[in-house]
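In: What follows is a predicted protein model with its sequence.
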Amino acid sequence: MSLALDLIIEPETLAAALGDDNLLIVDVSSANTYAQVHVPGAIHINPSELVCGLPPAPGKMPDKDKLESLFSRIGYSPEKHIVVYDDEGGGWAGRFIWTLDLINHKHYSYLNGGIHAWAKENHPLDNQPVSAMPTQVSLTLDKSFNAELEEVLASLDDEQTRIWDARSHEEFIGTKLSSARGGHIPGAVNLDWLETMDRSRNLRLLPLPMLKQMLEERGIRSGDRIITHCQTHHRSGLTYLIAKALGFQVKAYDGSWSEWGNLPDTPIETN
């Protein structure tokens, strides 16, 4: 029987569940952070394992074989309740939650504030690597959580779809270039992923009502469908998670600006 944990949980909730046989804790921090400190029992996933890594759009989802190898290594089974965290405020953790949606896993949570909140609030720590007994994994990918280029293009004429660009303002207006062309997808709204974190509370998310208001002020309202992206669908892992927590129907554009901005003829705005 799966644990009854919310989508976003606090450190004390995870602390109370440590040792439960149905719990699988996944750490998507940097390898250096994991080697220094992690939640007891957490298995490390390198962020590079969650992307295909191939130019010009390295943030696209890995192929099925790569995902099956990854989930086998961490001892995955569909019955487990997975709690994921990182060391940066939720980008990679959100990317992993999106990946769990792709494989139709049903039970998962994000540790609010990640290792920063966990460690600074005096919960138990470990620095020894954790491995799992590999499992036999056969995945069926549900790509309905992913928006391909053609769907994003088609959404430009859909009044009920809003594109949430999680990059910085400078990237959004095109003054900072990370691809051949700068700017943003026409009609997209910009809410930088960094603006959604509360640095005074160990990188927790801002309260959901506040995040909802921030989105409404930018024109994203209840009932809208959201497609979110950044440069490589890393930062937008967090905005994907936020949209889910707020009850939006959300997809991620995993090609993101690395694909859009490197094509010669995709429409672009710069103001």
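Out: Okay, I see it. Small disclaimer: the values here were computed from a predicted structure and weren't measured.

In: Could I get the full set of helices for the stretch 151-271 of the chain?
Out: Chain-ordered helices for the stretch 151-271 of the chain, with DSSP state H, counting those that start in this stretch as the definition, fall at 169-173, 208-217, 235-245, 256-260.

In: Quick check: mean pLDDT of the second one?
Out: Confidence over helix 208-217 (mean pLDDT, whole number) is 98.

In: can you check stretch 157-168 too?
Out: Rounded mean pLDDT across stretch 157-168 is 96.

In: roughly how far is it from the heart of the chain?
Out: The chain centroid and the centroid of stretch 157-168 are separated by 17 Å under CA atoms, centre = their mean, to the nearest Å.

In: Could you work out the end-to-end span of that stretch for me?
Out: Taking CA to CA, to the nearest Å, stretch 157-168 runs 25 Å from one end to the other.

In: Now do the buried residues in it.
Out: By neighbour count with 16 or more other CB atoms under 10 Å, stretch 157-168 contains the buried residues 161-168. C-beta: built from backbone N, CA, C; applies to glycine.

In: Stretch 206-226 too?
Out: Quick answer for stretch 206-226 (16+ other CB under 10 Å): 206, 211-212, 215, 220, 224-226.

In: Would you mind measuring the gap between the ends of that stretch?
Out: 19 Å.

In: all numbers from here: first residue = 58
Out: In the new count, where the first residue is 58, that last one comes out as stretch 263-283.

In: And the contacts of that stretch?
Out: 212, 215, 217-221, 246-248, 252-255, 262, 299-300, 302-308 (CB atoms under 8 Å, 6 or more residues apart in numbering).

In: same question, stretch 164-175
Out: By CB under 8 Å, 6+ apart, the list of residues contacting stretch 164-175 reads 59-60, 62-68, 71, 84, 86, 90, 94-96, 136-147, 150-151, 154, 157, 182, 258-262, 298.

In: what is the rounded mean pLDDT of that stretch?
Out: 98.

In: so where's the stretch 208-328 of the chain uncertain?
Out: Nowhere does the stretch 208-328 of the chain drop to pLDDT under 70.

In: wait, Lys137 sits on Leu81?
Out: Yes - assessed by CB atoms under 8 Å, Lys137 is found in contact with Leu81 at 4.2 Å.

In: Could you dump the buried residues of stretch 214-225 into a markdown table and include distance to Leu320?
Out: Shown next, in a markdown table, are the buried residues of stretch 214-225 (distance: CB to CB, whole Å):
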| residue | distance to Leu320 |
| --- | --- |
| Thr218 | 20 |
| Arg219 | 22 |
| Ile220 | 16 |
| Trp221 | 20 |
| Asp222 | 16 |
| Ala223 | 20 |
| Arg224 | 17 |
| Ser225 | 21 |
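
In: Can you tell me which of those comes closest to Thr323?
Out: Ile220 (12.6 Å; CB to CB).

In: show me where the stretch 58-207 of the chain has strands.
Out: Using DSSP state E, counting those that start in this stretch, the strands of the stretch 58-207 of the chain run over 65-66, 80-84, 100-101, 138-142, 165-168.
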